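Asker: The sequence and its predicted three-dimensional model are supplied below.
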Amino acid sequence: MIELYLDQLHDLLVPPNVKGKKLELREESQTGIINILNVTTHKVEHLEQANEIYRYGISQRKTAYTEMNDSSSRSHFVFAILLHCINLNTNQKSTSKISFVDLAGSEKVNKAKPTIH
């Protein structure tokens with residue numbers, strides 16, 4: 001779970017008082033898939049575990065109250081889930097990646113009058 005804020009990538013799962021490693025984008029040469037090096041990952045086996053991680057990451061986002069929106073995002077946000085599956089009949093393994101993306105608010109500053117928090 002990352003955000004792009006002021007042209008910098010931030011790992012939203014690193015506690016605010018801990019300095020995380022620098023995040024780097026890398027493209028896999030054979031597949032063209034973009035990966036982020038040094039990003040925090042968590043293995044989850046239950047929906048509630050995923051919900052807890054999601055809620056924590058969302059709470060770390062840069063948002064602002066505006067006259068147009070009470071929690072306007074100030075950053076681009078990506079929450080990626082890797083699914084590793086095994087077909088129990090054939091033992092065939094597969095991996096899928098789902099990315100949820102939220103782009104930063106686009107309200108005009110002079111109309112929105114943001115207060116960042």
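Answerer: Yep, it's here.
Asker: Could you use CA atoms for every contact and neighbour count after this?
Answerer: Will do.
Asker: can you map out the strands along the protein?
Answerer: 2-5, 8-11, 24-27, 34-37, 63-65, 72-73, 76-86, 93-102, 115-116 (DSSP state E).
Asker: Partner strands of the longest one, with direction?
Answerer: Which is strand 76-86. Under the criterion DSSP bridges, strand 76-86 sits next to strand 2-5 (antiparallel), strand 93-102 (antiparallel) in its sheet.
Asker: most tightly surrounded among those?
Answerer: Stretch with highest mean neighbour count among those: strand 2-5 (a mean of 21; mean count of other C-alpha atoms under 10 Å).
Asker: for the residue nearest to residue 92 when sequence neighbours are not counted, what are its contacts?
Answerer: In space, and not counting its chain neighbours, residue 92 is closest to residue 86: 5.6 Å by C-alpha to C-alpha, 6 or more residues apart in numbering. By C-alpha atoms under 8 Å, 6 or more residues apart in numbering, the contact set of residue 86 is 92-94.
Asker: Let me have those residues in a markdown table, adding distance to residue 49 and pLDDT as columns.
Answerer: A markdown table is the format used below for the contacts of residue 86 (distance: C-alpha to C-alpha, whole Å; pLDDT from 0 to 100):
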| residue | distance to residue 49 | pLDDT |
| --- | --- | --- |
| 92 | 26 | 97 |
| 93 | 23 | 94 |
| 94 | 22 | 91 |
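Asker: Residue 30: which of those is nearest?
Answerer: Residue 30 has its nearest neighbour among the contacts of residue 86 in residue 94, at 17.1 Å by C-alpha to C-alpha.
Asker: That closest one is in contact with residue 84, isn't it?
Answerer: Yes - here residue 94 reaches residue 84: they are 6.0 Å apart, a contact under C-alpha atoms under 8 Å.
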